[in-house]
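# here is my input, please return the structure:
(2 chains)
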Amino acid sequence: MSDASLTYAYAVARDRTPALAAEAGTLTGVAGAPVRLLTPDRTTTPVAVVSHVPAEDFHEAALHRHLEDLGWLEALARAHHGVIEALAAHTTVLPLRLATVYLDDDRVRAMLDDNQKLFFDGLERLRGHVELGVKLYVEAEPRPPAATDAPPDPALSPGRAYLRRRRTEQDARHDAHRAAEEAAQRIAVIARAHAVQWARHRVQEGELATGPGQNVVNDAYLVPADHVRAFREETMHATDGLPGLRVDVTGPWAPYSFATLTPPEPGTASAP
Amino acid sequence: MSDSLANRMGSLPSRAAPPYQPASSASLADILERVLDKGVVIAGDIQINLLDIELLTIKLRLLIASVDKAKEMGIDWWEHDPSLSSRADHSTSRLEEENQRLREQIEALRADAALPPVSAPEAATPRRRPAKRPTAHTRPGPGDT
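Coordinates of the predicted model:
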């Protein structure tokens, strides 16, 4: 049985607390196996969140093939995120990149031993913080001040009426982009009061982009847990009085965007 | 590959969803940009290397601008994707045009230098100065000698 399964690692947490262990016990992993906590060989911390996955689906070639299947990828991504989200509600976790897979539990224990300091530093830095996503959209059809469906001014020739309408539309678009800058500045002020770190994501413009409008800002903020409510509420008001704009706050997320660990450069002094 | 990503995502059978817990309300785009792009990168035993993940990310974003980067890395899955291969076709035809132009120039130069035409010319290549050549066989005028 064991040679037919691999160990999939989701995240790393500081301690095996009773609450974390209890929560993990209720979860099912990416391939339907129960989620477990593993501790290193030599010590009791940190702990890795893992589950068994079938080798036939997660060995190199199979994984490579499966990841090309968007349905499979979506199920994997949602399941991976589901486990991390559930645990992040209890404690600070370092999310691992999707599809971090080991030959067996012992290999995960060794990995924890090898990277103990790195994980501790990361967990300490992120402790008590969550990630919030902030997306700003310019509505696709900015509503011009004078409704375009108003009857055309009879004094204007059709050509002039057309040009005037075009100008109105252009002005509306221009206004929307100026408004977006204004909103972004307001959000920056809110972030200075409530967030400790900031990460820029690429704007969502592919076919996966959801919701109407053009995404012009897609940022993530690292926010102390006791500031989440204030950050969210104030940010939701950042577009007040700015027509043609929409703001969307997502999360709290586990600190995915801030979980970058920088291992000490072997044999080199730190950069100036 | 002609159907859009959104359609393919939208028409997923429900069995593809994780069967065990309340689905997160987060959008797939928000989840993917985090689980694929972010998070701790630590070497696992099974190397679906980061290149694969990076390409997936590129593919999912459907950003043509990123294709050049992927090509630099020697990955060419999009060559089989008709929606992305138009550029390749375009560069081929430009190459052909240039070849054609060069052939014509060479012919013109040969003609100017009174060299015989290329022995096996491409059918479509017109000869230059065909009208003048026969006159070379006419007798020289009386005052020439």
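# I'd say residue A:123 and residue A:12 touch.
Yes: using Cβ atoms under 8 Å, residue A:123 is in contact with residue A:12, at 7.3 Å. For glycine as for every other residue, the C-beta is placed from the backbone atoms N, C-alpha and C.
# where in the chain is pLDDT low?
Here I'm looking at chain A. Scanning chain A for pLDDT under 70 picks out A:1-3, A:140-153, A:206-211, A:262-272.
# look at chain B instead
Ranges of chain B meeting pLDDT under 70: B:1-24, B:47-98, B:112-145.
# in a strand, residue A:101, correct?
Yes: under DSSP: H, G, I helix; E, B strand; the rest coil, residue A:101 sits within a strand.
# how close does it sit to residue B:32?
Distance of residue A:101 to residue B:32, computed by Cβ to Cβ, to the nearest Å: 18 Å.
# do residue A:90 as well
Counting by Cβ to Cβ, the gap from residue A:90 to residue B:32 is 24 Å.
# next: residue A:260.
18 Å.
# show me the contacts for residue A:42.
residue A:113 (Cβ atoms under 8 Å, 6 or more residues apart in numbering or on different chains).
# give me phi/psi at it?
Dihedral pair for residue A:42: phi -90, psi -20, per degrees, to the nearest 10.
# likewise residue A:239?
Here residue A:239 shows phi and psi, under degrees, to the nearest 10, equal to phi -100, psi 10.
# doesn't residue A:217 make contact with it?
No: counting by Cβ under 8 Å, residue A:239 does not reach residue A:217; the two are 11.2 Å apart.
# give the residues shared as contacts by those two.
With Cβ under 8 Å, 6+ apart, residue A:239 and residue A:217 have common neighbours residue A:136.
# give me the domain ranges for chain A.
A:2-127, A:130-258 (automatic domain parsing).
# can you tell me which of those is packed in deepest?
The highest mean neighbour count among the domains of chain A, using mean count of other Cβ atoms under 10 Å in any protein chain shown, belongs to domain A:2-127: a mean of 19.
# where do the helices of the stretch 101-250 of chain A begin and end?
A:105-114, A:116-126, A:158-194, A:228-236 (DSSP state H, counting those that start in this stretch).
# reformat the ones you listed as JSON lines; add distance to chain B.
Formatted as JSON lines, the helices of the stretch 101-250 of chain A follow (distance: least, Cβ to the nearest Cβ, whole Å):
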{"stretch": "helix A:105-114", "distance to chain B": "6"}
{"stretch": "helix A:116-126", "distance to chain B": "7"}
{"stretch": "helix A:158-194", "distance to chain B": "17"}
{"stretch": "helix A:228-236", "distance to chain B": "14"}
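# can you add distance to residue B:26 and give those back as JSON lines?
Putting those into JSON lines (distance: least, Cβ to Cβ, whole Å) gives the following:
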{"stretch": "helix A:105-114", "distance to residue B:26": "27"}
{"stretch": "helix A:116-126", "distance to residue B:26": "19"}
{"stretch": "helix A:158-194", "distance to residue B:26": "20"}
{"stretch": "helix A:228-236", "distance to residue B:26": "15"}
